[in-house]
Each structure stands twice: as structure tokens, then as C-alpha cells.
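In: turn this into a structure:
(one chain, ligands or ions: 1)
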Amino acid sequence: MNTDISSPTSSPSSSQYTWAATFSEPVDQLVIRYTASVGFDRRMWRQDIRGSLAHARMLARQDIISAGDLADIQRGMAQIVGEIESGAFAWSQDLEDVHFNIEKRLTALVGDAGKRLHTGRSRNDQVATDIRLYLRDSIDDIQGLLGQFQTALLDLAEREAGTPMPGFTHLQVAQPITFGHHVLAWYEMTRRDVERFYDVREHTNCLPLGAAALAGTTYPIDREFVAAELGFDGVCENSLDAVSDRDFAIEFCAAASLLMMHISRMSEELVLWMNPRFRFVKIPDRFCTGSSIMPQKKNPDVPELARGKTGRIYGHLTSLLTLMKGQPLAYNKDNQEDKEPLFDTVDTLTDTLRIFAAMIPGLTTRPETMSEALRQGFATATDLADYLARKGLPFRDAHAAVGLAVRRAEELGVDLPQLPLSELRSFSPLIGEDVFSVLTVEGSLAARNHIGGTAPEQVRTAVARARQRA
Ligand code: ARG
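Out: Here you go, the predicted structure:
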């Protein structure tokens with residue numbers, strides 16, 4: 001709970017609450033604290049004011065309030081913006097949430113016009129609108145950061161397009177790839193993430209206002225006008241659904257979960273590659289931390305934490321799914337619980353993307369250690385089998401012959417290209433002098449020269465294609 005929010009010290013008089021007229025006793029202190037959301041929903045104050053101003057403009061346009069009332073509301077809201085920005089605004093827990101806090105202050109500043117603002121509106125459609133506006137803004141920020149992250153990945157892929165490294169399956173050396181190719185695999189993951197966030201934005205960008213509490217309103221409102229004012233693509237078509245739907249928030253958390261899962265996989269690789277047993281990459285010191293006891297330690301805390309925070313994002317997705325599963329239509333107070341998981345997802349994702357976009361350009365590779373690892377893993381064994389198959393040996397037989405050759409190399413403690421031609425020919429007479437160009441890492445890489453392949457040339461053209469799309 002924020003410390004600059006005044007907590008209930010004495011029971012508020014029943015007149016404090018706009019809804020307290022039918023109450024025979026003051027609300028319990030504990031209940032006030034339990035039901036208040038201003039500690040976390042006040043972060044939506046800009047969206048709340050933006051929504052209120054659009055609603056007020058519509059009310060005036062439809063002659064539901066006067067032009068004078070609108071002017072008063074606009075003047076009061078301008079002052080409130082200044083107060084909140086400067087920190088002078090007195091947030092009060094007694095006033096439950098961001099909506100009541102702002103409305104009460106507006107009324108204190110401009111009188112009756114402030115009380116007219118809520119005509120044809122309920123906090124139910126108001127809060128649903130605020131969250132959608134907030135999430136839309138957040139998605140736009142996230143897309144910007146994702147773009148920076150992608151640029152960093154593409155730059156790295158291009159820089160390392162010709163750097164050989166072992167490709168792994170089962171975390172065992174499999175075949176040579178380039179570091180740039182590996183980075184492009186990460187990039188492809190983020191491409192799908194970008195598309196998912198576009199979809200979520202589309203589903204979010206729909207106006208609930210006008211639904212009022214649940215059934216719509218008796219005033220001659222113009223919902224399309226409000227939608228256009230707020231940059232929504234359209235209005236939520238059913239008033240019950242408009243105030244109840246939180247699918248967009250769940251979708252956002254699902255998209256965030258997938259993105260974090262991707263970042264977590266990258267992180268796991270970075271942690272492994274930084275390990276002295278691998279020594280494939282170096283993360284700049286400013287993204288590492290030390291140990292309080294072991295002076296030699298340099299720990300990859302950033303990727304580790306990103307991996308850890310992924311679990312927390314999955315938790316938020318599960319929270320929201322569970323929050324919604326038992327709710328009858330229409331609005332229920334349960335919905336107030338949608339905000340903290342959503343906000344934390346936005347914050348965690350934003351921080352993670354920002355730090356990764358900054359860290360990736362500083363990543364350096366250690367080509368010697370990666371080549372060394374390639375020499376130890378018989379990484380070109382498949383190339384030898386392909387060579388034999390090209391010479392007419394059925395692939396299965398070629399596979400078996402190369403298996404025997406690998407065994408022999410293992411016995412001798414050498415890599416395949418170090419076996420003398422006479423030795424190699426004992427596994428198949430089809431093997432000739434031309435085999436050695438096939439067994440080199442460079443030959444192996446260059447041979448995979450098709451779209452999606454690891455040849456350095458392909459990596460460079462893939463980067464160029466990606467840049468063109470952006
Ligand atoms: N603070 C509430 C929320 O976050 C606003 C809507 C309250 N509506 C109500 N009928 N109590 O959901």
C-alpha cells in the first residue's frame with residue numbers, strides 16, 4: 001500500500017460515500033481497507049481523466065449537460081492533472097478507488113458540474129474503459145521495446161553471421177551452425193510475439209462506456225462519438241459483456257507468458273554459455289553481479305532473474321483465468337482483482353524487454369572456444385553420411401558406415417577430418433580425396449545454403465529480409 005495514501009482513521013460519515021444513503025451504520029474500518037483499490041488503481045489516473053473528458057464532451061454534445069458544465073469539468077480536470085503530476089493530490093483510501101478520488105476532487109473544485117459528470121455512466125463501464133485504455137497504452141510501449149529488442153538481435157545476428165558454433169540437440173553437439181543463425185531463431189520467436197500483441201491490442205481496443213452499470217442507460221448517449229474520441233475501433237456490442245469481459249487482459253497475460261517463456265529459454269542458453277565449461281559468450285560486466293563471499297564470481301543475474309520472473313508471469317495468467325471462471329454476469333467486485341496481476345505483468349515485461357534490448361548489443365562471442373567445442377563433437381558426421389549418400393550409398397547404410405568411422409576416431413582421440421584417407425576408405429570405398437572439404441566446419445556451414453539454413457550467406461539475407469519487413 002502506498003504510504004502517501006491516507007488511511008481511514010475515523011469512520012467516514014455516511015455522507016462521505018455517494019452510495020451510503022441507505023446504510024444504517026458506517027462501513028467497518030477493515031472493510032474500507034479490504035475493498036479499497038486506490039493503492040494500485042490510481043496508476044490509471046490519466047486514462048480515467050481521458051475517459052471522463054470524452055464522456056463529458058459527449059454529454060454536452062447530446063445536450064445532456066450544458067456547455068457551462070463541460071467547461072467547468074474541463075477546468076477542474078486540468079487542475080487535477082496538475083495536482084497529481086506535482087504530487088499535491090491527496091489520495092484517500094476512504095474514497096475507495098481512483099474513480100471516486102478524482103470525482104470527489106472535481107466536485108470540490110467545480111461543484112454541481114462535477115456531480116453531473118457521472119450521468120449515464122457507472123464505475124462498472126468506467127473501470128472497464130480505463131483498463132482498456134491503460135492496456136492499449138502499455139501494449140504500444142511494449143511493441144516499441146520489442147522493436148528495439150529485435151533490432152538488437154538482428155544486429156547481433158549480422159555481426160556473427162559467419163561465426164561457427166556447435167548446434168545442439170539434447171544439449172549434445174549435433175551439427176555446426178553459426179552463432180548468427182542461433183540468434184535468428186530467437187528473433188523468429190519474437191516475431192510471433194509481436195503479432196500476438198497486435199491481436200491483443202485489437203481485442204482490447206473496444207469501448208465499454210455506455211454500458212453503464214450493466215443494462216445501458218436511458219440518456220440519449222452517442223457511444224460511437226466517445227469511441228472515436230478515445231481512439232477505439234468500435235463499441236462493445238453488449239452492455240452485460242462490456243462490463244464483465246476481461247478476456248483482453250487474460251490474452252495479454254497469455255501473450256506475455258509466451259514472450260517471457262522465449263526470453264527464459266534465451267536466458268537459460270546465456271547462463272549455460274557463460275559457464276566456464278562452455279565459455280561461448282561474455283555478457284558485459286554492467287549486466288552481471290558479484291558474490292558477497294566468493295571474490296572470483298561474476299554471476300549472470302539478469303538472465304537468471306528473467307528466467308525466474310517468467311514463473312511469476314505464468315502465475316498472473318493463472319490468477320486471471322481463475323478470477324473469471326466462476327463469475328456470473330455482469331460486474332462483480334471480484335473484477336477489482338484483475339489489476340495487480342495485470343499491472344505487474346506490464347511492469348515485469350517492460351523492465352525485462354528494456355534490459356534485454358540494452359544487454360544484447362554488448363554480448364560478445366568467443367569464437368575459439370566454440371570452434372574447440374565443434375572439434376570435440378564429431379559435428380560433421382552428418383555431412384560425411386550425406387557425402388556417401390550423394391555417391392549412391394543408401395542413407396541408412398551411409399549412417400551406419402559413418403557411425404563406425406566416428407567410433408574409430410573416438411578410439412584414436414581425433415576428429416573425423418584428422419582420420420587419414422586410407423582409414424576413412426576402410427569404412428567405404430566411395431570415400432575419395434574430396435571428402436575433406438565436406439568434413440570442415442566451413443564446408444558444412446556453406447552447404448546448408450537454402451532459406452532457413454545456417455549458411456552465413458543465408459543468415460545475412462535473412463537479416464536483410466527481416467530489416468525490410470520492419
Ligand atoms: N474499483 C472497482 C474495480 O476496480 C471499480 C468498479 C466498482 N464498481 C462497483 N460496482 N463496485 O473494479
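In: check contacts around Asp97.
Out: Ala36, Ser37, Val38, Asp41, Arg123, Val127, Gln336 (C-beta atoms under 8 Å, 6 or more residues apart in numbering). Backbone N, C-alpha and C define where each C-beta goes, glycine included.
In: the residue nearest to it when sequence neighbours are not counted: neighbour count?
Out: Nearest residue to Asp97, sequence neighbours excluded (C-beta to C-beta, 6 or more residues apart in numbering): Ser37, at 4.6 Å. Residues near Ser37, counting by other C-beta atoms under 10 Å, number 19.
In: which residues sit in contact with Ser37?
Out: Contact analysis of Ser37 by C-beta under 8 Å, 6+ apart lists Glu96, Asp97, Val98, Gln336, Lys339.
In: near the ligand, from the contacts of Asp97?
Out: For the ligand, the contacts drawn from the contacts of Asp97 by C-beta under 6 Å from any ligand atom are Ser37, Asp41, Arg123, Val127, Gln336.
In: element containing the residue nearest the centre of the chain?
Out: Note on the chain: the residue nearest the mean C-alpha position is Ala256, at 3.9 Å, using C-alpha atoms, centre = their mean. Here Ala256 sits within helix 247-274, counting by DSSP states H and E.
In: and that helix, does that touch the ligand?
Out: No: Helix 247-274 is not in contact with the ligand by C-beta under 6 Å from any ligand atom; minimum separation 11.9 Å.
In: what is the mean pLDDT for that helix?
Out: For helix 247-274, mean pLDDT rounds to 98.
In: and the strands in this structure, which stretches?
Out: Secondary structure of the chain by DSSP state E: the strands cover 164-169, 172-178, 206-207, 234-235, 281-282, 364-365.
In: got the residues of the stretch 51-200 of the chain near the ligand?
Out: Asp97, Arg123, Asn124, Val127.
In: so how far is the helix holding Ala256 off the chain centroid?
Out: On the basis of C-alpha atoms, centre = their mean, to the nearest Å, helix 247-274 sits 7 Å off its chain's mean C-alpha point.
In: buried sites along it?
Out: Within helix 247-274, the residues that count as buried by 16 or more other C-beta atoms under 10 Å are 248-264, 266-267, 269-274.
In: make CSV from the ones next to the ligand among the contacts of Asp97 and add pLDDT to it.
Out: Putting the ones next to the ligand among the contacts of Asp97 into CSV (pLDDT from 0 to 100) gives the following:
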residue, pLDDT
Ser37, 98
Asp41, 98
Arg123, 98
Val127, 98
Gln336, 98
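In: on that earlier part again, closest to Arg390 out of the strands of the chain?
Out: Closest to Arg390 of the strands of the chain is strand 172-178 (C-beta to C-beta; 16.7 Å).
In: partners of the closest one, with directions?
Out: Using DSSP bridges, the strands paired with strand 172-178 are strand 164-169 (antiparallel).
In: what residues of the strand it pairs with count as buried?
Out: Pro164, Met165, Pro166, Gly167, Phe168.
In: and it, what's its mean pLDDT?
Out: On average, strand 164-169 scores 97.
In: just the CA coordinates of it, formatted as PDB?
Out: Written as PDB, here are the backbone C-alpha positions of strand 164-169 (Å, rounded to 0.1, in the frame of the first residue of the first chain):
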ATOM      1  CA  PRO A 164      30.700 -21.100 -36.200                       C
ATOM      2  CA  MET A 165      29.400 -22.700 -33.100                       C
ATOM      3  CA  PRO A 166      28.100 -26.200 -32.300                       C
ATOM      4  CA  GLY A 167      24.400 -26.600 -32.700                       C
ATOM      5  CA  PHE A 168      22.900 -28.800 -30.100                       C
ATOM      6  CA  THR A 169      20.100 -31.400 -29.800                       C
END
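In: how close does the residue nearest to Asp97 get to Lys339?
Out: Using C-beta to C-beta, to the nearest Å, Ser37 is found at 7 Å from Lys339.
In: follow-up on the earlier one: could I get the buried residues of strand 164-169 as a markdown table with distance to Ser86?
Out: Formatted as a markdown table, the buried residues of strand 164-169 follow (distance: C-beta to C-beta, whole Å):
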| residue | distance to Ser86 |
| --- | --- |
| Pro164 | 58 |
| Met165 | 54 |
| Pro166 | 58 |
| Gly167 | 56 |
| Phe168 | 55 |
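In: between these, which is closest to the ligand?
Out: Comparing those against the ligand with C-beta to the nearest ligand atom places Phe168 closest, at 47.5 Å.
In: so who does the closest one touch?
Out: Taking C-beta under 8 Å, 6+ apart, one finds Ala174 in contact with Phe168.
In: what sits opposite it in the beta ladder?
Out: Note on Phe168: beta-bridge partners by DSSP bridges are Val173.
In: give me the beta-bridge partners of Thr365?
Out: Val281.
In: ok, Glu160 touching Gly180?
Out: Yes: Glu160 lies in contact with Gly180 (C-beta atoms under 8 Å); the separation is 4.3 Å.
In: now Glu83. Nearest residue, chain neighbours left out?
Out: In space, Glu83 is closest to Phe89, 4.1 Å off (C-beta to C-beta, 6+ apart).
In: and what of Phe225?
Out: Closest to Phe225 by C-beta to C-beta, 6+ apart is Met58, at 5.1 Å.
In: gap between the one you found and Tyr219?
Out: 10 Å.
In: so which of these two has more stuff around it?
Out: More neighbours surround Met58 than the other of Met58 and Tyr219, with 25 against 16 (other C-beta under 10 Å).
In: burial check on the closest residue to Glu457 other than its chain neighbours, number of neighbours?
Out: By the measure of C-beta to C-beta, 6+ apart, the closest residue to Glu457 outside its immediate chain neighbours is Asn449, 6.2 Å from it. Using other C-beta under 10 Å, Asn449 has 12 other residues around it.
In: the one 3 residues further on too?
Out: The local packing count at Gly452 equals 10, with neighbours defined by other C-beta under 10 Å.
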